[in-house]
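A.B. asks: Need a 3D model of the sequence below.
(one chain, ligands or ions: 3)
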Amino acid sequence: MVTVTINGKLVRAKEGEMLLAVLRREKIDIPALCHHEAVEPYGACRLCMVEITRKEWDGWKNMVTSCLYPVADGLIIQTHTTDLIELRKTILDLYLARCPNTPEIQDLAAQYGVMQTSYEQVADPNDCILCGLCTRICDRMGFSAISAVNRGHGREIAPPLKNAPPDCVGCLACALNCPTNYIKYTDIGHTREIWGRKFELLRDAKTGQLTITKEFAEYLSKHRVIPQDYFDLNDESHRKETALSLGKIAIWSREVPQ
Ligand code: SF4
Ligand code: SF4
Ligand code: FES
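C.D. replies: Residues are numbered from 1 along each chain as shown. Ligands and ions are numbered 1, 2, ... in the order given. Here you go, the predicted structure:
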């Protein structure tokens, strides 16, 4: 364990854990649009920057991305100096120029007092801030169905050659974790559509509720050693089954003579 000082308070942390994790544990509000605990940090959004120094640095300070910076003993951290707030305002101002109609960006910018961008808006705005979270999550799950393509203003997230991605299983992990809700999908009837590809949704055998896609179930069954018939029921039905089984065991164990 190490001891660091955050905004004047002594805090214990695990050596090498990322500073952002410590800040979040301390309930310090730091915007971090490109971060997700399940995937490697990427340092794309720059919003999580904080100021660090050490006693022996003689007043010298540095700004670092907290999602990528491992804590070490004696580190002194400030999270909301005037310079940091100005930096976050500038970044959000730029995001507003790129994504002027995106509610999540508008809300975050408003929290920092930026109501409209002072930069020229991009000609063809959309909601993607190119944080790379969707591609990292898809890669982490083993699908690598989408990636960032093109350069400069034309850079975007897309499947290969912008065709329906053959490696996608319709799990929705990209869409549900996108910080700006850029990735659209529909569930109509028993059909899910995402990235231009259609998938059949399975039904819970007991309740008839839709569960996951057939392709995702097949993948989990093959690669995560889950029997295919597990997906005949949804989570709720599995919980009920478990409760029922445990209830039976409890009754049975009471009936067994001691
Ligand atoms: S689609 Fe969403 S998650 Fe993917 S890079 Fe764009 S903003 Fe980030
Ligand atoms: S829905 Fe497709 S693209 Fe999105 S994370 Fe799942 S496999 Fe990847
Ligand atoms: S969360 Fe650290 S750079 Fe985005």
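A.B. asks: Just the endpoints, please. Distance across stretch 136-148?
C.D. replies: In terms of Cα to Cα, to the nearest Å, the two terminal residues of stretch 136-148 are separated by 10 Å.
A.B. asks: in it, what's buried?
C.D. replies: Applying a neighbour-count criterion of 16 or more other Cβ atoms under 10 Å, the buried positions in stretch 136-148 are 136-139, 141, 143, 145-147. C-betas here are computed from N, CA, C, even on glycine.
A.B. asks: Closest to L176 out of these?
C.D. replies: Using Cβ to Cβ, I137 comes nearest to L176 of these, at 9.2 Å.
A.B. asks: thinking that closest one is in contact with C34, fair?
C.D. replies: No. I137 is beyond contact range of C34, at 11.3 Å (criterion: Cβ atoms under 8 Å).
A.B. asks: which of the buried residues of stretch 136-148 sit farthest apart?
C.D. replies: When Cβ to Cβ is used, the two most widely separated members of the buried residues of stretch 136-148 are M141 and S147, lying 14.0 Å apart.
A.B. asks: The longest strand seen in the chain pairs with which strands, and in what direction?
C.D. replies: For the chain, the strand reaching the highest residue count under DSSP state E is reported as strand 197-203. The partner list of strand 197-203 in its sheet, established with DSSP bridges, is strand 191-194 (antiparallel), strand 210-213 (antiparallel).
A.B. asks: near ligand 3, anything from stretch 33-44?
C.D. replies: Yes. Contact of stretch 33-44 with ligand 3 is found when judged by Cβ under 6 Å from any ligand atom, involving 33-35, 43-44.
A.B. asks: Where helices are concerned, which of these count?
C.D. replies: With helices defined by DSSP state H, no entry of the residues of stretch 33-44 next to ligand 3 lies inside them.
A.B. asks: Contact partners for the residue of the stretch 151-258 of the chain found nearest ligand 3?
C.D. replies: With Cβ to the nearest ligand atom as the measure, the residue in the stretch 151-258 of the chain that lies nearest ligand 3 is P179; the distance is 9.6 Å. Residues touching P179, when contacts are defined by Cβ atoms under 8 Å, 6 or more residues apart in numbering, comprise 33-34, 104, 129, 131, 133.
A.B. asks: Among those residues, which one sits closest to Q111?
C.D. replies: Distances from Q111 to the contacts of P179, taken as Cβ to Cβ, are shortest for E104 (11.2 Å).
A.B. asks: Just the element for the closest one, please.
C.D. replies: Counting by DSSP states H and E, the element that carries E104 is helix 103-111.
A.B. asks: average pLDDT for that helix?
C.D. replies: Taken as a whole, helix 103-111 has a mean pLDDT of 96.
A.B. asks: how about the next helix or strand after it, does it get close to ligand 1?
C.D. replies: Sequence order places helix 133-140 as the next helix or strand after helix 103-111, per DSSP H and E. Yes. Using Cβ under 6 Å from any ligand atom, helix 133-140 reaches ligand 1 at 133-134.
A.B. asks: As CSV, the strands paired with strand 197-203 with distance to ligand 2, mean neighbour count and mean pLDDT would be great.
C.D. replies: Conversion of the strands paired with strand 197-203 to CSV gives the following (distance: least, Cβ to the nearest ligand atom, whole Å; neighbours: other Cβ atoms under 10 Å; pLDDT from 0 to 100):
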stretch, distance to ligand 2, mean neighbour count, mean pLDDT
strand 191-194, 5, 19, 96
strand 210-213, 9, 21, 91
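A.B. asks: Kindly reformat the ones you listed as TSV containing distance to C99.
C.D. replies: Rendered in TSV, the data for the strands paired with strand 197-203 read as follows (distance: least, Cβ to Cβ, whole Å):
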stretch	distance to C99
strand 191-194	21
strand 210-213	29
